[in-house]
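K.L.:
Quick one, structure for this:
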Amino acid sequence: MTPTSRAARVDLTMRASLYVLFAGLPLAVTGQVDATQGTLATLAAGLSALQAVAAVMLLHQSIDYRLGRGPKPRRRIVITAVLSLATVAVAIPVTSFTDGSYAFVTVAVLTSLLVALDPMISTTSLTVLALIGWLVAAGPAIYQDGSRFGAHLTLLLVVAALLITERWTVWTMGVIRQLEEAQQVKAELAVAEERLRFARDLHDVAGRTLSVVALKAELAAQLGKRGRPEAVEEMLEVRRIAQDSLAELRAVVSGLRTARFDEELAGARSLLDAAGISCRVIGDGGGLAERTRATLGWAVREATTNVLRHSRATSCTIELDRAADGTVTLTMINDGADGAGVTHGNGLTGLAERVADAGGTVDAGPVPPDRFRVAVSLPQTREAA
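P.N.:
Predicted structure coming up:
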């Protein structure tokens with residue numbers, strides 16, 4: 001979470017409100033002590049100021065600990081607790097049990113301590129400590145005058161409300177922080193997804209074309225060595241393929257590249273024919289939904305790349321089949337599988353991810369004795385009305 005983010009500003013505002021509210025509790029002690037007590041009164045006021053500072057610092061570290069930003073401030077807990085007890089002890093001689101000043105001073109000091117500890121302890125522990133503090137603060141006054149029980153009970157309820165408010169505020173700060181982090185993760189995932197899409201497009205365009213260029217260039221070199229005039233035609237074909245690939249790469253970079261099924265079928269047949277692989281197409285994409293056609297276009301492109309780069313095929317069949325339940329299956333079979341084992345690149349993995357996003361499946365593998373089969377199955381075959 002960056003310092004200038006909205007969550008950081010909300011966090012700062014909530015913290016400042018808590019600090020100001022609860023730092024004022026021990027500082028209110030100075031208005032309750034008997035100023036005629038001289039040194040003791042001055043000492044009580046000084047200790048209350050120190051306790052206020054220590055409580056705010058402990059509250060700050062407690063919130064950080066609750067939000068997972070820092071360690072548990074054990075040393076600060078001890079220091080603040082000692083200052084709180086010292087303030088209460090010094091306040092006894094300079095306050096009165098009968099007029100409520102002792103109870104006010106004790107409750108103010110102990111409440112600031114409990115608030116600072118609140119983010120680090122359980123609700124049960126907090127309740128027990130609050131009751132003990134209330135008994136210490138109100139017990140003597142109630143013992144001397146039972147009629148004051150209602151007033152001191154109200155004081156306890158006020159303290160409970162303050163503690164609940166503080167705990168709710170810290171919880172809200174945590175939720176806001178988690179939302180901020182979730183938004184950052186979402187943005188990072190979107191960037192990663194876009195990079196993955198871009199990498200897939202580059203692989204589909206460059207991988208397929210470079211495979212054909214390599215084959216055609218090798219053929220042209222062999223023809224050139226033999227002095228055959230066909231070498232010039234092959235190199236002109238290489239130039240044409242390279243120019244087409246450059247246009248496709250520019251479209252990928254500008255984000256305009258999409259896979260159109262009919263165009264991909266025509267392109268696959270052209271590339272396979274150029275590589276000396278006969279291609280037969282059965283079926284067409286008429287009546288299919290746009291997303292289905294686009295996904296099938298990616299499938300044709302990747303399967304064609306796989307044939308060109310990882311097989312020694314001489315023939316290939318592309319067939320589109322539509323089942324009665326609406327499932328569309330694109331099957332591409334070539335006869336170039338190696339009997340000793342079949343290997344293929346990472347493109348089929350990327351294709352499987354694309355197809356999975358569209359709710360479909362990919363099945364790729366060898367078919368004895370020497371064939372390799374890629375089958376892509378997708379639901380939803382008809383164009384929306």
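K.L.:
ranges for the strands of the chain?
P.N.:
According to DSSP state E, the chain carries its strands in the segments 278-282, 315-322, 328-334, 361-367, 371-378.
K.L.:
Of those strands, flag the one that's most buried.
P.N.:
strand 328-334 (a mean of 23; mean count of other CB atoms under 10 Å). Where you see a C-beta, it was placed from the backbone N, CA and C, and this is true even at glycine.
K.L.:
which residues touch that one?
P.N.:
Identification of contacts with strand 328-334 by CB atoms under 8 Å, 6 or more residues apart in numbering yields 277, 288, 292, 296, 299-300, 303-304, 307, 311, 313, 315-323, 367, 371-379, 381.
K.L.:
again, 7 Å this time
P.N.:
Around strand 328-334, the neighbours that count as contacts under CB atoms under 7 Å, 6 or more residues apart in numbering are 288, 292, 296, 299, 303, 307, 311, 313, 315-322, 367, 371-378, 381.
K.L.:
how much space between the closest residue to Leu126 other than its chain neighbours and Gln51?
P.N.:
In space, and not counting its chain neighbours, Leu126 is closest to Asp118: 6.0 Å by CB to CB, 6 or more residues apart in numbering. From Asp118 across to Gln51, the span is 16 Å (CB to CB, to the nearest Å).
K.L.:
Neighbour count for the two, which is higher?
P.N.:
Each of Asp118 and Gln51 has its neighbours counted (other CB atoms under 10 Å); Gln51 has more, 29 against 25.
K.L.:
Show me the helices in the protein, by range?
P.N.:
Assigned by DSSP state H, the helices in the chain fall at 6-27, 39-66, 74-91, 101-117, 123-144, 149-202, 208-225, 230-253, 261-274, 290-310, 347-357.
K.L.:
Out of these, which gets nearest to Asp363?
P.N.:
With CB to CB as the measure, helix 347-357 is the member of these nearest Asp363 (9.4 Å).
K.L.:
tell me what that closest one is packed against?
P.N.:
helix 290-310, strand 361-367 (3 or more CB pairs under 7 Å, 6 or more residues apart in numbering; DSSP states H and E).
K.L.:
about what we covered before: surely the residue nearest to Leu126 meets Glu166?
P.N.:
Yes: applying CB atoms under 7 Å, one finds Asp118 in contact with Glu166, separated by 5.4 Å.
K.L.:
For stretch 235-251, could you pull out the residues that count as buried?
P.N.:
Neighbour-count burial for stretch 235-251, counted by 16 or more other CB atoms under 10 Å, picks out Met235, Glu237, Val238, Ile241, Ala242, Ser245, Glu248, Leu249.
K.L.:
Would you mind checking which of those is nearest to Val170?
P.N.:
Proximity of the buried residues of stretch 235-251 to Val170, judged by CB to CB, is greatest for Leu249, which lies at 53.1 Å.
K.L.:
What score does the closest one have for pLDDT?
P.N.:
Listed pLDDT for Leu249 reads 72.
K.L.:
cool, Val328 as well?
P.N.:
At Val328, the pLDDT value in this model is 92.
K.L.:
Then Arg148?
P.N.:
66.
K.L.:
do Ala217 as well
P.N.:
The per-residue pLDDT of Ala217 was computed as 83.
K.L.:
Quick one: residues contacting the residue lying closest to it once chain neighbours are set aside.
P.N.:
Nearest non-adjacent residue to Ala217, counting by CB to CB, 6+ apart: Val238, 5.6 Å away. Val238 is in contact with Val213, Lys216, Ala217, Ala220, counting by CB under 7 Å, 6+ apart.
K.L.:
mind checking how far Val238 is from Met120?
P.N.:
Using CB to CB, which is the criterion applied here, Val238 is 72 Å from Met120.
K.L.:
Gly283 now?
P.N.:
68 Å.
K.L.:
Compare the two and say which is more crowded by neighbours.
P.N.:
Per other CB under 10 Å, whichever of Gly283 and Met120 has more neighbours is Met120, with 18 against 15.
K.L.:
surely the more buried one meets Lys72?
P.N.:
Yes: using CB under 7 Å, Met120 makes contact with Lys72 at a distance of 6.5 Å.
K.L.:
any common contacting residues for the two?
P.N.:
With CB under 7 Å, 6+ apart, Met120 and Lys72 have common neighbours Tyr65.
K.L.:
any low-confidence regions in the stretch 251-385 of the chain?
P.N.:
For the stretch 251-385 of the chain, applying pLDDT under 70 flags the ranges 251-259, 338-347, 380-385.
K.L.:
separation between Ala23 and Leu114?
P.N.:
14 Å.
K.L.:
Which residue of these two possesses the greater neighbour count?
P.N.:
A direct count of neighbours by other CB under 10 Å for Ala23 and Leu114 places Leu114 higher, at 21 against 18.
K.L.:
Wait, the more buried one touches Glu166, no?
P.N.:
No: counting by CB under 7 Å, Leu114 stays clear of Glu166, with 9.0 Å between them.
K.L.:
Overlap of the contact sets of those two?
P.N.:
With CB under 7 Å, 6+ apart, Leu114 and Glu166 have no common neighbours.
K.L.:
For the contacts of Val238, work out which two are farthest apart.
P.N.:
Longest span within the contacts of Val238, CB to CB: Val213 and Ala220, 10.2 Å.
K.L.:
is it possible to export the helices of the chain to JSON lines including distance to Val328?
P.N.:
Converted to JSON lines, these look like this (distance: least, CB to CB, whole Å):
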{"stretch": "helix 6-27", "distance to Val328": "46"}
{"stretch": "helix 39-66", "distance to Val328": "54"}
{"stretch": "helix 74-91", "distance to Val328": "65"}
{"stretch": "helix 101-117", "distance to Val328": "64"}
{"stretch": "helix 123-144", "distance to Val328": "58"}
{"stretch": "helix 149-202", "distance to Val328": "21"}
{"stretch": "helix 208-225", "distance to Val328": "23"}
{"stretch": "helix 230-253", "distance to Val328": "25"}
{"stretch": "helix 261-274", "distance to Val328": "10"}
{"stretch": "helix 290-310", "distance to Val328": "6"}
{"stretch": "helix 347-357", "distance to Val328": "11"}
